[in-house]
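S.K.: Fold the following.
(one chain, ligands or ions: 1)
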Amino acid sequence: MPRAACRPGPIPRRITDRRVFVRQGVAVLSAASHFTSFRFKVSALVASMVLIAAIGVCGISLLIAESQIQRMIARQEISALSGAAAYLDNDLRTKQNVLRSIAEEALSRNLGARDVQALLESHPGLRDEFVNIVAFDARGDLVSSLKNRRDKVINVSTRPYFQEALRTRDSVISAPFRSVLSGRPVVSVAQPLSDARGNVFAVLVGGLDLLRPAFAAQVEALRTREQGYLFIIANDGTVIHHPRKELILTQPSADEMPAVAAPLAGPEGWRADILDGKEPSLVAWKRLRHADWTVAVSYPLRDAFAPMASVWFNALGAAGLFTAMAGIFGWGLVKVLMEPLEALQGVVESIDAGATDISAFNVDHADEFGVLSRALYRLSHSRKQAADDLHRLATTDVLTGTHNRRMFDQFLPAALARARRSGESVAVAFLDIDRFKSINDGHGHAAGDAVLVEFARRLQGAVRCTDTVARLAGDEFVVVYEQVRGAGEAHQLGGRILAAMEAPFQVGDTALHVTASVGIAITSMPTNADAIMQSADYALYGVKASGRNGYAVNVFGAEKLASVRGHEEFVSRGVVQERAKA
Ligand SMILES: Nc1nc2c(ncn2[C@@H]2O[C@H](COP(=O)(O)OP(=O)(O)OP(=O)(O)O)[C@@H](O)[C@H]2O)c(=O)[nH]1
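M.R.: Predicted structure coming up:
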């Protein structure tokens, strides 16, 4: 039967399946807190950057758009106010023209102050234009009243509008004032009446009641929006029309009512920074051409810019959506990018768990992961080398390079266990160099060392590669043979060892004749290491006792040596039995 071929040592499982590493890495990572993971941090960073960018871009765009929309809305308001101002201008001009036509009629009919009452009453349409029309003579005394002939006698000679009408001899629109006759806030249209020589004999004064519903309704009809309110102030700041009736004829200061005071800044304009009541408001205004009046509107900003609120809402929603998408994208991207790192982690974990194949490191990547892989590979390589060195030092005899006693103590029980499982025999050869002490004494310790080295070399050459040679101590060696087919083969093994030592040992210039005694124990039954070593030691003693330079085979359990054989001759069995008795 052919000898079994040299069996290779146990092959460490190659961990080359990348998916295994990824799975291991993912498992390890998922065990870690998501919120402290690198992936979460990078995803959060990406999402934050997108959020900042989205809010920044949207915010700046919307602020610019808001500012432009403010201007646009303000321009719309001023344009609407221009229409309102033109309407009021036209209305006042119409009223002035009505009174002018009365004056022209008086001139053409050559009427005097006494004819004014009748003249007024002959024009019933005047009641539609004015709340009342009165006439004063040139001294300012009331001479007639369309509404009430018996109106109380008053004098208006000191009133600015009266004096101006006399001076200019033309139509004048007064500043708002409280009427002495009606006690109500009014604005008057004064029209001088002149005779043929050009002398003013009377002044017609048509009153516009500022609280009269017809006037307020007429003004309110000029509004273009439901929100906010429209108001009119005179150029001296006196309120002519305002939804708060109590303000009419007052002159609120800019501190008290900034919205009412703002239109005094110029002939037309707008401001969006006015606090009207407690409401931030847009105030726009336009001055009339025909009177010293300014018509203005005040709108709460939230109403004026209501469309912007939905734009802001939509923009922030879009920013949030983009951020969420960026977060998910970042998460996936980092997951893909991190795969090499996770694989690397799997390899490191596997090596830490005992896998020895460091070739699993993927060192081909050109990126940072490749650099890290190469660094870890070098680290693992030197770590493995250090571990191998340590193991070799712990299991190898430093002088001869064979296994040492520690390794032998581990190996022999393992070989016996294997033999028990397979049912095959194991043989242990126990060797001792004959009279080694005399080599040391005669040629020096260094020569002794050289003999030990050469002896070990020859011994390893005399056994199979599957057999294990170890130096136990001093000049004692041991060989463990596995798969031995019986005592016959054990004899061959012993003879082969003796033959290997036949040639002289060359130590320096000296050729030494070195012999050894070999005790072989062979067993095919379950036993322990101590028992078989004792059996081999028993055989060795037999050889020593028989004169050395020989071998003996002891079949374990037979309790006697099968044979003791010298180099060229058999040694009688009786000597050994004598030793056994002793
Ligand atoms: N040179 C050298 N000598 C060693 C070493 N270890 C032990 N020795 C010596 O080896 C000798 C062993 O001698 P023994 O085995 O006791 O006796 P022996 O001279 O071989 O005689 P027998 O065994 O009866 O044939 C001792 O003198 C030890 O000092 C070593 O590493 N190198």
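S.K.: Next to the ligand, which bits of the chain? Give me the list.
M.R.: Residues of the chain lying close to the ligand (C-beta under 6 Å from any ligand atom) are 399, 432-438, 440, 445, 448-449, 452, 474-475, 544, 548. The way it works is simple: take the backbone N, C-alpha and C, and place the C-beta from them, glycine included.
S.K.: Among these, name the ones in strands.
M.R.: The strands in this structure, assigned by DSSP state E, contain D432, I433 from the residues of the chain next to the ligand.
S.K.: burial measure for the residue of the stretch 351-500 of the chain found nearest the ligand, as a count.
M.R.: As assessed by C-beta to the nearest ligand atom, the ligand sits closest to G448 within the stretch 351-500 of the chain, at 2.6 Å. Using other C-beta atoms under 10 Å, G448 has 21 other residues around it.
S.K.: burial count for the residue nearest to it when sequence neighbours are not counted?
M.R.: Counting by C-beta to C-beta, 6 or more residues apart in numbering, the nearest residue to G448 once its immediate chain neighbours are dropped is N440, at 4.1 Å. The local packing of N440 (other C-beta under 10 Å) involves 17 other residues.
S.K.: how about low-confidence regions in the stretch 351-500 of the chain?
M.R.: 356, 358, 360, 363 (pLDDT under 70).
S.K.: What are the boundaries of the helices in it?
M.R.: All helices of the stretch 351-500 of the chain, identified by DSSP state H, counting those that start in this stretch, fall at 368-395, 405-422, 436-443, 445-461, 487-500.
S.K.: how about the second one: buried residues?
M.R.: This means helix 405-422. In terms of neighbour count (16 or more other C-beta atoms under 10 Å), helix 405-422 has its buried residues at M407, F408, F411, L412, A415, L416, A419.
S.K.: Just the CA trace of it, in CSV.
M.R.: The C-alpha coordinates for helix 405-422 follow below in CSV (Å, rounded to 0.1, in the frame of the first residue of the first chain):
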residue,chain,number,x,y,z
ARG,A,405,9.2,20.2,23.7
ARG,A,406,6.2,22.6,24.0
MET,A,407,5.2,21.8,20.4
PHE,A,408,5.7,18.1,20.9
ASP,A,409,3.5,18.2,24.0
GLN,A,410,0.7,19.6,21.9
PHE,A,411,1.3,17.5,18.9
LEU,A,412,1.5,14.0,20.4
PRO,A,413,-2.0,14.0,22.0
ALA,A,414,-3.4,15.4,18.7
ALA,A,415,-1.7,12.6,16.7
LEU,A,416,-3.0,10.0,19.2
ALA,A,417,-6.6,11.5,18.9
ARG,A,418,-6.3,11.3,15.1
ALA,A,419,-5.2,7.7,15.3
ARG,A,420,-8.1,6.8,17.6
ARG,A,421,-10.5,8.3,15.0
SER,A,422,-8.9,6.6,12.0
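S.K.: quick one: it to chain centroid distance?
M.R.: With C-alpha atoms, centre = their mean, to the nearest Å as the basis, helix 405-422 stands 59 Å off its chain's centre.
S.K.: what's the distance between V555 and the ligand?
M.R.: Per C-beta to the nearest ligand atom, to the nearest Å, V555 is found 24 Å from the ligand.
S.K.: i'd like the first residue to be 51 from this point on
M.R.: That works, and once the first residue is 51, the last one we named lands at V605.
S.K.: May I see the buried residues of stretch 210-222?
M.R.: For stretch 210-222, by 16+ other C-beta under 10 Å, it's Y211, F212, Q213, E214, A215, L216, S221, V222.
S.K.: What strand or helix carries the residue lying closest to V203 once chain neighbours are set aside?
M.R.: Setting aside the residues directly before and after it, V203 is nearest to L192 in space (C-beta to C-beta, 6+ apart), at 5.6 Å. Taking DSSP states H and E as the definition, L192 sits inside strand 192-195.
S.K.: Can I get that strand as CSV, trimmed to CA atoms?
M.R.: Presented in CSV, the C-alpha positions along strand 192-195 are these (Å, rounded to 0.1, in the frame of the first residue of the first chain):
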residue,chain,number,x,y,z
LEU,A,192,-74.4,137.8,5.1
VAL,A,193,-76.9,139.1,2.6
SER,A,194,-78.7,135.9,1.4
SER,A,195,-78.9,132.2,2.0
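S.K.: Where does the prediction get shaky in the chain?
M.R.: Scanning the chain for pLDDT under 70 picks out 51-84, 201-202, 266, 406, 408, 410, 413, 607-632.
S.K.: picking that back up, quick one: the helices of the stretch 401-550 of the chain as TSV, columns for distance to V230 too.
M.R.: As requested, these are arranged in TSV below (distance: least, C-beta to C-beta, whole Å):
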stretch	distance to V230
helix 418-445	95
helix 455-472	131
helix 486-493	151
helix 495-511	142
helix 537-550	150
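S.K.: can you tell me which of those comes nearest to A271?
M.R.: Nearest of the helices of the stretch 401-550 of the chain to A271, taken as C-beta to C-beta: helix 418-445 at 75.5 Å.
S.K.: how distant is that closest one from the center of its chain?
M.R.: Distance, stretch centre to chain centre, for helix 418-445: 36 Å (C-alpha atoms, centre = their mean).
S.K.: again with stretch 263-272
M.R.: Worked out by C-alpha atoms, centre = their mean, stretch 263-272 lies 61 Å from the chain centre.
S.K.: And for stretch 321-331?
M.R.: Taking C-alpha atoms, centre = their mean, the mean C-alpha location of stretch 321-331 is offset from the chain mean by 41 Å.
S.K.: which parts of it are buried?
M.R.: Neighbour-count burial for stretch 321-331, counted by 16+ other C-beta under 10 Å, picks out R321, A322, I324, D326, S331.
S.K.: Show residues contacting that stretch.
M.R.: For stretch 321-331, contacts defined as C-beta atoms under 8 Å, 6 or more residues apart in numbering pick out 120, 124, 278, 307-309, 312, 315, 332-333, 348-352, 354.
S.K.: Need the CA coordinates for it. CSV is fine.
M.R.: What follows is stretch 321-331, C-alpha atoms only, in CSV (Å, rounded to 0.1, in the frame of the first residue of the first chain):
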residue,chain,number,x,y,z
ARG,A,321,-44.2,104.2,2.1
ALA,A,322,-44.4,100.6,3.2
ASP,A,323,-42.9,101.1,6.7
ILE,A,324,-45.8,102.9,8.3
LEU,A,325,-47.4,101.6,11.5
ASP,A,326,-51.1,102.5,11.2
GLY,A,327,-52.6,101.6,14.5
LYS,A,328,-50.6,98.5,15.3
GLU,A,329,-50.6,97.3,11.8
PRO,A,330,-47.6,97.7,9.4
SER,A,331,-49.1,99.4,6.4
